[in-house]
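*Asks:* no sequence for this one, just the structure:
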């Protein structure tokens with residue numbers, strides 16, 4: 001059995017640029033999402049599919065692609081992005097798989113402040129950072145501090161690592177109860193004050209709007225716990241390509257489909 005060779009990148013690139021420009025013209029700025037959540041999935045499968053010697057190569061390609069993604073998003077009026085780079089479940093992977101990924105994230109945080117500031121993004125980090133290696137947490141916090149030169153009304157990019165959506169809701173409920181008890185509320189009155197507004201105010205990033213669009217790469221069609229509270233009425237785009245191979249045209253297609261959706265918010 002024979003297969004046709006893939007067209008050379010030099011031949012297909014001009015066609016994709018034309019297609020990208022066409023997609024951009026079709027996008028209505030008033031129908032773009034205010035908050036995009038993106039799940040960077042498929043690094044290890046990409047490495048196996050491409051015959052890479054180690055996962056480190058695909059991890060680095062994936063983080064560089066994330067930086068590219070920020071550049072694509074900066075061209076559009078999208079005020080908030082949350083990128084899930086590491087789940088709490090990922091932490092159970094063997095050391096030979098997870099430790100190179102930690103190192104790759106540290107490298108990325110070293111580059112990210114300059115990139116974020118240049119593009120007009122304020123950088124944030126959320127998740128159970130206490131579960132992560134100290135050098136990774138130090139790199140992430142330093143990146144956040146360094147990126148604070150962005151103006152207060154700048155767009156925001158939040159990196160979620162050591163993150164789980166269920167744990168975020170549990171933590172929000174605990175914080176709300178602690179606040180109510182601290183205000184002197186009798187324990188027997190707590191239940192009637194634990195409501196949607198109170199929980200939402202104690203999420204990891206309470207100032208973010210709810211997610212309008214969730215993009216997941218690698219062909220998996222599930223949330224896996226990402227932004228469970230915030231994505232209640234989000235639209236979803238499940239893209240077949242692995243994250244390191246994610247292209248600008250894939251992003252624009254997801255935006256086109258989102259803009260065409262009839263969003264009813266449960267009505």
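*Replies:* Done, it's in. Only a predicted model underlies this, so the values are computations on that prediction, with no experimental measurement involved. Numbers count the residues shown, from 1 in each chain.
*Asks:* how close does the spatially most central residue of the chain get to residue 13?
*Replies:* A centroid search over the chain (Cα atoms, centre = their mean) returns residue 83, at 1.3 Å, as the residue closest to the centre. Distance, residue 83 to residue 13, using Cβ to Cβ, to the nearest Å: 26 Å. Heads up, the C-betas are built off the backbone N, CA and C, glycines and all.
*Asks:* Could you do residue 96 as well?
*Replies:* As judged by Cβ to Cβ, residue 96 and residue 13 stand 36 Å apart.
*Asks:* Hmm, residue 123 is touching residue 141, no?
*Replies:* No: look at residue 123 against residue 141 with Cβ atoms under 8 Å: they stay out of range, at 10.5 Å.
*Asks:* who's more crowded, the two?
*Replies:* Using other Cβ atoms under 10 Å, the more surrounded residue of residue 123 and residue 141 is residue 123, with 24 against 13.
*Asks:* what are the phi and psi angles of that one?
*Replies:* Backbone torsions for residue 123, taken as degrees, to the nearest 10, come to phi -90, psi 140.
*Asks:* Next, the contact list for it, please.
*Replies:* 112, 113, 116, 143, 144, 147, 150, 156, 157, 158, 159 (Cβ atoms under 8 Å, 6 or more residues apart in numbering).
*Asks:* and residue 185, how many neighbours does it have?
*Replies:* By other Cβ under 10 Å, neighbour count at residue 185 equals 14.
*Asks:* same check, this time on residue 109
*Replies:* Residue 109 is flanked by 25 other residues according to other Cβ under 10 Å.
*Asks:* quick one: average confidence on the helix or strand hosting it?
*Replies:* Assigned by DSSP states H and E, residue 109 belongs to helix 95-119. Helix 95-119 shows a mean pLDDT of 95 in the predicted model.
*Asks:* Buried residues, that helix. List them.
*Replies:* By neighbour count on 16 or more other Cβ atoms under 10 Å, the buried set for helix 95-119 is 98, 100-106, 108-109, 112-113, 115-117, 119.
*Asks:* So which elements touch it?
*Replies:* Helices and strands touching helix 95-119, by 3 or more Cβ pairs under 8 Å, 6 or more residues apart in numbering; DSSP states H and E, are helix 55-74, strand 80-87, strand 121-126, helix 134-146, strand 155-163.
*Asks:* Now distance to residue 24 too, for the ones you listed, in CSV please.
*Replies:* Shown next, in CSV, are the helices and strands packed on helix 95-119 (distance: least, Cβ to Cβ, whole Å):
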stretch, distance to residue 24
helix 55-74, 10
strand 80-87, 18
strand 121-126, 20
helix 134-146, 30
strand 155-163, 18
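*Asks:* closest to residue 241 out of those?
*Replies:* Residue 241 lies closest, by Cβ to Cβ, to one member of these: helix 55-74, at 10.4 Å.
*Asks:* relative orientation of the closest one and helix 95-119 in degrees?
*Replies:* Calculated by axes from the mean of the first three to the mean of the last three Cα atoms, to 10 degrees, helix 55-74 forms an angle of 20 degrees with helix 95-119.
*Asks:* Contacts made by helix 55-74 with the rest, please.
*Replies:* The contact list for helix 55-74 (Cβ under 8 Å, 6+ apart) reads 36, 38, 40, 43-44, 46-47, 50, 52, 81, 83, 85, 97, 100-101, 103-105, 107-108, 111-112, 115-116, 119-121, 155, 157, 242-246, 248, 251-252.
*Asks:* again, only using 6 Å
*Replies:* Helix 55-74 is contacted by residues 40, 43-44, 46-47, 52, 81, 100-101, 104, 108, 115, 119, 243-244, 246, 248, 251 when judged by Cβ atoms under 6 Å, 6 or more residues apart in numbering.
*Asks:* that older thread, now, among the contacts of residue 123, which is nearest to residue 165?
*Replies:* residue 158 (13.6 Å).
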